[in-house]
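In: sharing a model that was predicted from the sequence below.
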Amino acid sequence: MNVSIARTRKLTAPRSVRALVYVLFTLLAGGLAVAVPPVGAQDLGADDPTGALELAEKYAPIMMLKAQEATCDENGEPYAPTSVDILMGNPEILLRQLGTNNPVIKAGPEPSDLYGLGEGFFLDFPGSALQPGCIYEKDFDKYSEGRPAVVYAHIVKQPEHPDLLALQYWFYWYYNDWNNKHESDWEGIQLLFSASTIEEALSTEPDSVGYAQHEGGERVDWESSRLTREGTHPVVYSSAGSHASYIGSALYLGRAASEGFGCDNTEGPSDRLAPDVVVLPDSVSDPSSPLAWLGYNGRWGERQEGPFNGPTGPAAKGRWLAPIDWHQELRSTSVVIPGGDNVGNTVVTSFCGVVKAGSGSLISLTTSPLSLLISFVAVVLFLSWLTRRTVWERVKPLPLRRRRRAGQIIRAAGNAFRRSPGLILTFGLIYLPAAVAGALIAVFVAILPVLKDILGQSDGASGSDLFLSLVSGSIPNIIALVFVNAAMAVHLDRAGSDAPISVMDAARLAWDRRRTLAAGLLRASVIVVVLFLTVVGIPFGIWQLIRYQFMPHAVMLEDLDGRAGLARSTQLVRGRWWHTAAVISVFNAIVIAASIGLGIVLLVLVSQVPLWAFSVLMTLMFALVSPLSAFVITLLYGNAIAENQGAAAADPDQADGVSVPRSHLYC
């Protein structure tokens with residue numbers, strides 16, 4: 001490994017007239033600030049450069065970067081930790097000072113130009129930080145061509161903890177392409193030793209490693225099985241885009257500033273990188289030093305508001321000279337989003353998407369407010385047009401076989417949940433076994449030796465994710481939905497008769513017809529799946545999926561077998577396909593959006609709840625409201641029957657003489 005080290009003196013007081021004049025001029029100009037070590041701080045790297053070199057080389061990290069399939073591929077990591085030398089003397093990099101139009105102080109600044117400058121200055125790269133396109137990636141490739149990847153090492157002791165020594169590795173990234181987009185990014189890790197000198201650290205092993213993640217980080221013991229090492233070299237999985245440093249390959253959830261607000265992805269496949277090392281002193285006293293940039297306290301990127309602002313450098317951060325304080329505040333673990341398909345994971349991944357979309361909207365508000373306003377108005381007008389296309393008057397759901405408009409059906413479902421929540425929740429209890437079955441199947445699939453090996457070797461490939469999602473979530477949920485539809489059909493049909501039955505009795509009747517329902521579901525699934533697998537047949541698969549929605553109702557209420565039930569459902573949907581698809585889609589979108597919205601609020605507010613407990617809570621909540629979809633589909637079935645028979649439309653003010661006991665559904 002090629003390791004270089006800068007030999008510098010400890011900064012105490014300027015020793016030459018030139019340095020004194022430079023410092024006085026900087027202070028008078030208001031440009032402040034040379035970092036001065038606190039009293040008692042010891043510049044270990046300068047005192048023992050040979051030992052510092054050996055220690056830095058011994059524990060230099062191995063970087064794992066998410067593989068990029070092609071140039072400008074947004075799913076991979078296009079950047080690598082590099083030397084700031086790609087900026088120094090580069091005429092395309094501008095040094096600016098805050099003020100009217102942020103005047104350019106110098107193009108292609110050298111380290112000596114940055115020395116001593118403070119918050120009033122910033123570096124400006126080609127391109128717009130908020131609208132990066134591919135320019136930053138292409139420029140990075142151009143500037144770094146032929147240069148090795150680099151990490152910076154810093155060995156430091158905090159005076160309050162004389163028996164502890166910190167070995168820091170700082171990673172400089174050219175651009176941060178995450179929710180908080182900005183030019184430049186400083187990340188890193190830190191190894192903590194029970195030692196007072198470099199010599200002692202070389203003769204022992206680290207106690208723990210701290211991984212920096214946004215405004216916080218995670219700590220892991222050196223001997224922990226969670227820590228991946230190549231000999232003495234800790235492995236760092238860098239999150240694509242944000243560059244937060246993690247212990248493993250996974251999808252991580254952040255719900256606070258210390259974790260980052262959103263999701264960090266370190267999943268493979270990954271490219272392995274062994275960077276060169278440059279050792280840094282605590283501070284620099286000579287403006288002509290190649291490391292004079294260490295005394296720069298301005299911004300390393302384009303000046304923007306809030307999270308989009310360019311970052312400050314290592315020496316301006318608290319952990320630079322107070323590493324123990326930072327290390328002790330780190331979390332003991334990070335929240336990993338498990339694979340598979342369950343309601344909890346859906347909410348979590350939706351949270352990731354909402355945060356990303358919110359960031360995008362904030363950027364759009366800054367860069368093109370008019371376009372964002374036009375888009376918002378267009379959405380409002382579309383929703384307004386959509387709601388005026390139907391009738392929303394309140395109607396009663398019985399008798400089942402009665403014509404109703406789309407708005408009346410959706411409103412009836414809302415009233416059913418509001419006035420008869422016990423009934424809907426009881427149907428939800430029937431749905432719960434599907435959630436439990438899905439969870440058990442996911443665990444079973446994950447621990448099966450053969451399948452575990454296959455899924456492990458795929459390293460998060462989309463095929464294995466789809467397989468796990470199907471067997472652990474989609475299939476059990478579809479089976480449950482068919483069964484709940486069958487029970488709901490019987491219950492609503494009997495509720496408007498002289499012999500109403502309970503939910504459990506309706507469920508028993510549906511169970512008695514389980515083989516017939518299974519035959520219809522299997523036949524429909526094969527047809528739809530085959531169409532989907534052809535790709536070109538996807539539109540026809542969707543078409544058939546809607547046409548088969550009434551199969552459970554036809555089987556239960558018209559005493560048909562599975563095949564005849566599918567044929568009857570197709571007949572009922574004919575001429576009403578768009579109506580059926582629109583009502584089902586809109587209502588499910590409302591239910592899912594409301595559930596996910598509530599879940600996101602809970603996810604953020606109750607951040608201390610373990611993810612598994614949150615997933616259980618969300619699965620329970622979703623299972624209890626999901627029967628509303630069966631209620632809507634059953635009313636659509638009744639509407640289709642009525643239209644076939646030429647029945648009159650529902651009158652909002654009349655119940656058609658049907659008395660509906662309060663113990664049953666009453667809207």
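Out: That came in fine, so what should we check first?

In: tell me which residues of stretch 403-416 come out buried.
Out: Neighbour counts over stretch 403-416 (16 or more other Cβ atoms under 10 Å) mark 403-413, 415-416 as buried. All C-beta spots, glycine's among them, are computed from the backbone N, C-alpha and C.

In: that should have said stretch 562-578, apologies.
Out: Buried residues in stretch 562-578, counted by 16+ other Cβ under 10 Å: 562, 564, 565, 566, 567, 568, 569, 570, 572, 573, 576.

In: ok, now stretch 228-235?
Out: If you call a residue buried by 16+ other Cβ under 10 Å, then stretch 228-235 has these buried ones: 228, 233, 234, 235.

In: for stretch 54-67, same thing?
Out: For stretch 54-67, by 16+ other Cβ under 10 Å, it's 55, 56, 57, 59, 60, 61, 62, 63, 64, 65, 66.

In: check those and tell me the two furthest apart.
Out: In these, two members sit farther apart than any others by Cβ to Cβ. They are 55 and 66, at 29.3 Å.

In: and stretch 90-97, C-alpha only, in PDB?
Out: Taking Å, rounded to 0.1, in the frame of the first residue of the first chain, the C-alpha atoms of stretch 90-97 are listed here in PDB:
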ATOM      1  CA  ASN A  90      -7.600  23.200 -10.800                       C
ATOM      2  CA  PRO A  91      -8.700  26.300 -12.800                       C
ATOM      3  CA  GLU A  92     -12.300  25.000 -12.900                       C
ATOM      4  CA  ILE A  93     -12.600  25.200  -9.100                       C
ATOM      5  CA  LEU A  94     -13.400  28.700  -7.900                       C
ATOM      6  CA  LEU A  95     -12.700  30.200  -4.500                       C
ATOM      7  CA  ARG A  96     -15.500  32.700  -3.700                       C
ATOM      8  CA  GLN A  97     -16.300  35.100  -0.900                       C
END
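
In: what's the offset of that stretch from the middle of its chain?
Out: Taking Cα atoms, centre = their mean, to the nearest Å, one finds the center of stretch 90-97 at 34 Å from the center of the full chain.

In: buried ones in that stretch, by neighbour count?
Out: Across stretch 90-97, burial judged by 16+ other Cβ under 10 Å covers 90, 93, 94, 95, 96.

In: grab the nearest non-local neighbour of the second one.
Out: The spatial neighbour of residue 93 that comes closest, neighbours along the chain excluded (Cβ to Cβ, 6 or more residues apart in numbering), is residue 87 at 4.9 Å.

In: so how far is residue 113 from residue 84?
Out: Per Cβ to Cβ, to the nearest Å, residue 84 is found 13 Å from residue 113.

In: check residue 601 too.
Out: 49 Å.

In: for the two, work out which one has more neighbours and name it.
Out: Higher neighbour count among residue 601 and residue 113: residue 113, with 19 against 11, using other Cβ atoms under 10 Å.

In: ok, for the more buried one, nearest residue in space, not its chain neighbours?
Out: In space, residue 113 comes closest to residue 106 once its chain neighbours are excluded; the distance is 5.5 Å by Cβ to Cβ, 6+ apart.

In: quick check: bridge partners of the one you found?
Out: For residue 106, the beta-bridge partners are residue 95 (DSSP bridges).

In: that one and residue 95 touch, don't they?
Out: Yes - with contact defined as Cβ atoms under 8 Å, residue 106 counts as touching residue 95 (4.8 Å).

In: give me the common contacts of those two.
Out: Shared contacts of residue 106 and residue 95, defined by Cβ atoms under 8 Å, 6 or more residues apart in numbering, comprise residue 113.

In: then stretch 112-129 to PDB, C-alphas only?
Out: Extracted as PDB, the C-alpha positions of stretch 112-129 are listed here (Å, rounded to 0.1, in the frame of the first residue of the first chain):
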ATOM      1  CA  SER A 112      -1.800  28.500   0.600                       C
ATOM      2  CA  ASP A 113      -4.800  30.500  -0.700                       C
ATOM      3  CA  LEU A 114      -7.200  28.600   1.600                       C
ATOM      4  CA  TYR A 115      -5.000  28.800   4.700                       C
ATOM      5  CA  GLY A 116      -6.700  30.800   7.400                       C
ATOM      6  CA  LEU A 117      -9.900  31.600   5.600                       C
ATOM      7  CA  GLY A 118     -13.200  31.200   7.500                       C
ATOM      8  CA  GLU A 119     -17.000  30.900   7.100                       C
ATOM      9  CA  GLY A 120     -17.100  33.800   4.700                       C
ATOM     10  CA  PHE A 121     -15.500  31.800   1.900                       C
ATOM     11  CA  PHE A 122     -16.500  28.800  -0.100                       C
ATOM     12  CA  LEU A 123     -15.300  26.600  -3.000                       C
ATOM     13  CA  ASP A 124     -17.500  26.500  -6.100                       C
ATOM     14  CA  PHE A 125     -17.400  23.500  -8.500                       C
ATOM     15  CA  PRO A 126     -18.600  23.400 -12.100                       C
ATOM     16  CA  GLY A 127     -22.300  22.500 -12.200                       C
ATOM     17  CA  SER A 128     -25.300  23.200  -9.900                       C
ATOM     18  CA  ALA A 129     -25.300  21.300  -6.600                       C
END
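
In: buried residues in it?
Out: 112-118, 120-125, 127-129.

In: I'd like the distance from that stretch to the chain centre, please.
Out: Worked out by Cα atoms, centre = their mean, stretch 112-129 lies 31 Å from the chain centre.
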